[in-house]
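Asks: Quick one, fold the following:
(one chain, ligands or ions: 1)
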Amino acid sequence: MLVSAKEMLQKARDGKYAVGQFNINNLEWTKAILLTAQEQNSPVILGVSEGAGKYMTGFKTVSAMVKAMIEELNITVPVALHLDHGTYEGCYKCIDAGFSSIMFDGSHYPIAENVEKTKELVKVCAEKGISLEAEVGSIGGEEDGVIGMGECADPNECKAIADLGVDMLAAGIGNIHGKYPANWPGLSFETLAAVKEKVGDMPLVLHGGTGIPEDMIKKAISLGVAKINVNTECQLAFAEATRQYIEAGKDQQGKGFDPRKLLAPGFEAIKETVKTKMELFGSIGKA
Ligand code: 13P
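Replies: Prediction:
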């Protein structure tokens with residue numbers, strides 16, 4: 001069932017768990033995540049970066065694929081199709097393409113411009129029943145060409161954006177896209193607590209979910225994080241399983257080169273990764 005992310009995140013916030021956003025890249029990714037969510041009776045958010053949208057030939061293709069897959073696989077758990085780190089133009093393209101949720105990443109604009117553009121999108125999204133995520137501060141590292149310096153969010157700026165009526169807020173708290181460096185100092189819980197104090201019960205979003213230690217994930221959830229984004233970890237799991245298959249020479253045995261066989265270990269590895277994350281985030285059985 002394709003839905004906005006609003007209600008599932010409010011439930012997660014109240015129930016002290018988080019819904020996972022898992023980024024998709026192709027049919028295998030989408031199918032693996034949807035089937036796992038259904039098997040685990042968990043709500044789920046499918047994240048689509050602008051780069052991945054382009055790779056899949058455009059947002060209309062993505063939207064049509066996800067909607068058809070939900071129907072043909074009989075997926076009854078709540079699923080949100082969400083634009084990840086959207087540009088202003090990208091947001092409108094996804095609204096037109098039938099996404100049920102979007103993120104406007106205005107974090108690189110001066111705060112007044114971020115506020116102005118977010119305000120406009122709040123109105124458009126509300127009219128269409130689409131949920132909206134905004135960002136303050138920035139997520140360190142690089143994801144599909146979106147580069148952030150990783151500065152922690154200013155709690156007052158978070159309040160200014162939250163007061164506009166967005167449904168969820170991503171605040172930079174020292175989190176980074178991709179693998180964390182060995183000298184990473186960890187999440188800034190001081191910033192997270194200060195943000196929470198200012199924005200009240202606004203569901204908060206933790207980007208850069210790959211490689212954050214379990215105790216930090218649990219503490220973040222206890223401080224108001226209701227959505228956690230994971231991308232790189234599924235990519236690493238897929239690549240590792242595929243490499244093992246090829247290194248074992250299985251692609252050269254019988255019809256092991258058939259893509260349905262060649263991609264199967266990677267597909268299973270994504271399913272396992274998603275399940276493990278859902279367990280950690282506490283969303284299993286919460287559909
Ligand atoms: P990772 O790639 O670090 O898991 O981050 C995902 C993310 O935050 C998507 O917006």
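
Asks: Could I get the phi/psi values of Leu81?
Replies: Summarising the backbone geometry of Leu81 under the convention degrees, to the nearest 10, its torsions are phi -100, psi 110.

Asks: Quick check: nearest residue in space to Ala32, chain neighbours excluded?
Replies: Leaving aside its chain neighbours, Ala32 sits nearest to Ile270 (4.0 Å; criterion: C-beta to C-beta, 6 or more residues apart in numbering). From N, CA and C alone the C-beta is placed, and that goes for glycine too.

Asks: per-residue confidence at that neighbour?
Replies: At Ile270, the pLDDT value in this model is 98.

Asks: can I get the CA coordinates of stretch 174-189 in CSV?
Replies: Backbone C-alpha positions of stretch 174-189 (Å, rounded to 0.1, in the frame of the first residue of the first chain) are rendered in CSV as follows:
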residue,chain,number,x,y,z
GLY,A,174,27.8,14.7,12.9
ASN,A,175,26.4,11.9,10.7
ILE,A,176,28.1,11.0,7.4
HIS,A,177,27.0,9.3,4.2
GLY,A,178,29.0,6.2,3.3
LYS,A,179,31.4,4.4,5.6
TYR,A,180,32.5,6.2,8.8
PRO,A,181,36.2,7.0,9.1
ALA,A,182,38.1,5.3,11.9
ASN,A,183,38.5,8.6,13.7
TRP,A,184,34.8,9.6,13.5
PRO,A,185,33.9,11.2,16.9
GLY,A,186,30.4,9.7,16.9
LEU,A,187,26.9,11.3,16.8
SER,A,188,26.5,14.6,18.6
PHE,A,189,23.7,13.7,21.1
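
Asks: Enumerate the positions of that stretch that are buried.
Replies: Residues of stretch 174-189 classed as buried by neighbour count (16 or more other C-beta atoms under 10 Å): Gly174, Asn175, Ile176, His177, Gly178, Tyr180, Leu187, Ser188, Phe189.

Asks: Among those residues, which are located in helices?
Replies: Among the buried residues of stretch 174-189, DSSP state H puts Phe189 in helices.

Asks: tell me the mean pLDDT over stretch 99-115?
Replies: Averaged over stretch 99-115, pLDDT sits at 94.

Asks: From the contact counts, what lies against the helix or strand harbouring the residue nearest to Ala32?
Replies: With the criterion set as DSSP states H and E, the secondary-structure element containing Ile270 is helix 264-281. Counting contacts by 3 or more C-beta pairs under 8 Å, 6 or more residues apart in numbering; DSSP states H and E, helix 264-281 is packed against strand 19-23, helix 27-39, helix 214-222, strand 225-230, helix 232-247.

Asks: Give the buried residues for it.
Replies: Across helix 264-281, burial judged by 16+ other C-beta under 10 Å covers 264-267, 269-271, 273-275, 277-278, 280-281.

Asks: Farthest pair within the residues you listed?
Replies: Comparing all pairs in these by C-beta to C-beta, the longest separation belongs to Ala264 and Phe281, at 26.0 Å.

Asks: Excluding chain neighbours, what is closest to Lys31?
Replies: In space, Lys31 comes closest to Met69 once its chain neighbours are excluded; the distance is 6.4 Å by C-beta to C-beta, 6+ apart.

Asks: Could you pick out the residues of the stretch 151-287 of the chain near the ligand for me?
Replies: Within the stretch 151-287 of the chain, the positions near the ligand by C-beta under 6 Å from any ligand atom are His177, Gly178, His207, Gly208, Gly209, Thr210, Asn229, Val230, Asn231, Thr232, Glu233.
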